[in-house]
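1. My questions are about this predicted structure, shown below with the sequence.
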Amino acid sequence: MKGISTAHSVVEPTAMAKTIAMVVVVLYALITLVPLGWILLTSIKSPPDSISYPPKVLFEPSIEGYCNLFTTRSRQTEEYIKSLPPADSACERSARANSMVVVSRSNYLPRFVNSLIVAIGSTVLSVGLGVMAAYAFSRFKVPGKDDLMFFILSTRMMPPIAVAIPIYLMYRELGLSDTKLGMILLYSAVNVSLAVWLLKGFIDEIPREYEEAAMVDGYTRLQAFRKVVLPQATTGIVATAIFCLIFAWNEYAFAVLLTSGEAQTAPPFIPIIIGEGGQDWPAVAAGTTLFLIPILVFTVLLRKHLLRGITFGAVRK
Amino acid sequence: MSTSTLATRAAQATPAPIAQRMRGLSDRAIAWLFIAPTMLLLLAINIFPLIWTVRLSFTNFRANRPIAEVANIGIDHYVSILTDPDIWGPMQATAHFLFWTITLQTLIGFALAYLIDRKFRGHGFWTTLILIPMMLSPAVVGNFWAFLYQPQIGLFNYVVSFFTGIPPSSFEMLGSVKLAPWAIVIVDTWMWTPYVMLICLAGLRSIPDYIYEAAEVDRASSWRQFWSITLPMVLPFIMLAVLFRGIENFKMFDLVNLLTNGGPGSTTEVVSITLKREAFEKWRTGYSSALAIILFVAVFGLANIYVKALNAVKNR
């Protein structure tokens, strides 16, 4: 039946071609996801299982990775541990099984919160500035418009390390080094170029007639911008915001060079989670898994606008 | 009421277009008001530091000696970088990385896009899955690939030994001079092939069906159709992807920093890693500023081409 229904078009691939294509693509997708699956598995392994050879696919799940991620522990003598009241949490129990006790919370949660604050703060700032500039570039005759747009884009092309040296010095002078405000300003500056380019594309698509009609009805230009253009551009603004969020959330180069304590975000922190006697892989994997979940959600949400975002609005489906 | 003042009566008497211009700000003022904050931010965080870098590049300043006397040494740093035979090490490492990542990503990315464009059932779902790696943070990607590459315990070595019979502890992807450059190529390809694929897919979908229908009427073989319709029409999109990956990988820092940190020795020391070592480990701020400027000029040149390509694609 299918063969008949698709036979009308010469450009429709044959059923055979489709099947082959599907097999290859599905295989590629599965192989490419193996590393991710492995990290997820590692996060629920016990530390000995995570470094066993041959690598274990079947194992008894353990919460040690997540416990170790959120706590710091200290080794104690058996006598001391026996003298303690019964463990009141699962993490305490798993620590005691390894003759350790939970001492305090680890730095993961504060780093995760730093990531959130910096990502959200810089997104609000860059999208806010970006939507204004994009509107101006889209609707008004700005002298040297093309040059200004190119200038804005070119700032994003700078190698982060090249800019990091003077920013490091400048922030030291201004007292902004290792502060969240400093990181918010920095990420906003990087993201505003993407925001302007993407949003200009979205605003270009809104017919000018809407604003003109509103202005004939007595709106000022600013009112028309606020009450007509902004609501029309909501989808574009949300998509742009998610792109900015993802960038700021994922950024590593500036974060590792410019933050070390107070304002450190999660990306430079996760690789340096060290356990007793080397890297604590289940804890690292647990930290990675939690850090990736928001991104997976955003990827699904952004599906339709992905192409536009990664090409600065040049390619629209 | 107080509203019927002279001013309001004058306003009511004014013809509509003039009144419109009087109320609120002029378009010109709004345009500048809207653009200025963005420009200010970029000037403060991007341009001012850049100018500062240029200034530093002519001095022997060291950031870890803030109160030491700073001397102007002219273009000495530039001369020593451009005549230093050691600089070709990082250049070669960068070229190797750049060439292989772009070749592999373009070939695999295009092939995948071509297959996905056969529009089999569920292709949207599988496309989304394939896209996941490029959305992840390079920090965690570099880190967990370092785990996969561990000799003995790492999954990568185990899989290789499973298929080839080579003992998994007999080779170290990140520790060997021969394999380390390929280790970073594999990770970058894993992460960024979806990017090239997505852009190629857009290219394939931009080809209207009637062109193929016409070719079919002319009895062009599918081989012929591929070479004289599909490929030429997707080419601008491929170029776009290649240029973008080129710029990004030319300044590649994060993945390499986490996987090998330029090692073993300096086999995978790409230019950004050299820059980091000079600036933040040896604290030769003046010298590294000069290197940064050279790197920036190169990227800026590429960016210029990139924007032209963007516009070419856009105007199609």
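-> Received it, and whenever you're ready, just let me know what you need.
2. how about the lengthiest helix in chain A: buried residues?
-> Scanning chain A for the longest helix, with DSSP state H as the assignment, gives helix A:108-139. For helix A:108-139, a neighbour-count test (16 or more other Cβ atoms under 10 Å in any protein chain shown) marks A:108, A:111-112, A:114-123, A:125-139 as buried. To be clear about C-beta, it is placed using only N, CA and C from the backbone, and glycine gets the same treatment.
3. So which other helices or strands are in contact with the helix or strand hosting residue A:41?
-> Residue A:41 belongs to helix A:15-43 when assigned by DSSP states H and E. Packing partners of helix A:15-43 (3 or more Cβ pairs under 8 Å, 6 or more residues apart in numbering or on different chains; DSSP states H and E): helix A:2-6, helix A:64-70, helix A:281-302, helix B:88-116, helix B:123-135, helix B:138-148, helix B:155-164.
4. right, and the ones you listed - which one's nearest residue B:289?
-> Across these, the minimum distance to residue B:289, taken as Cβ to Cβ, is reached by helix B:88-116, at 16.4 Å.
5. now check stretch B:79-94, is it near chain A?
-> No - contact of stretch B:79-94 with chain A (Cβ under 8 Å from any Cβ of the partner chain) is absent, the minimum separation being 11.4 Å.
6. Give me the contact list for that stretch.
-> The contact list for stretch B:79-94 (Cβ atoms under 8 Å, 6 or more residues apart in numbering or on different chains) reads B:181, B:250, B:252, B:266-271, B:273-274, B:287, B:290-291, B:294.
7. restrict those residues to those near chain A?
-> Within these, those near chain A by Cβ under 8 Å from any Cβ are residue B:250.
8. Need the max-distance pair from the contacts of stretch B:79-94.
-> Among those, B:181 and B:290 lie farthest apart (Cβ to Cβ), at 26.4 Å.
9. Of the two, which one has the most company?
-> residue B:290 (26 against 19; other Cβ atoms under 10 Å in any protein chain shown).
10. List the residues that contact that one.
-> With Cβ under 8 Å, 6+ apart, residue B:290 has these contacts: B:57-58, B:77-78, B:81.
11. show me what contacts residue B:64?
-> Contacts here follow Cβ under 8 Å, 6+ apart; on that basis residue B:64 touches residue B:283.
12. Nearest to residue B:199, out of the helices and strands packed on helix A:15-43?
-> helix B:88-116 (7.9 Å).
13. Now do the buried residues in that closest one.
-> Buried residues in helix B:88-116, counted by 16+ other Cβ under 10 Å: B:90, B:93-94, B:96-98, B:100-102, B:104-106, B:108-116.
14. thinking again about what came up before, could you tell me how far the helix holding residue A:41 lies from the centre of the chain?
-> The gap between where helix A:15-43 is centred and where its chain is centred comes out at 23 Å by Cα atoms, centre = their mean, to the nearest Å.
15. tell me, how many neighbours does the residue nearest to residue B:167 when sequence neighbours are not counted end up with?
-> Nearest in space to residue B:167, with sequence neighbours left out and distances taken as Cβ to Cβ, 6 or more residues apart in numbering or on different chains, is residue B:161 at 6.0 Å. Number of residues near residue B:161 (other Cβ under 10 Å) recorded here: 16.
16. Identify the residues contacting the residue most central in space within chain A.
-> Compute the mean C-alpha point of chain A, and by Cα atoms, centre = their mean the closest residue is residue A:246, 3.1 Å away. With contact set as Cβ under 8 Å, 6+ apart, residue A:246 has these partners: A:295, A:298, B:135.
17. Many thanks, I have nothing further to ask.
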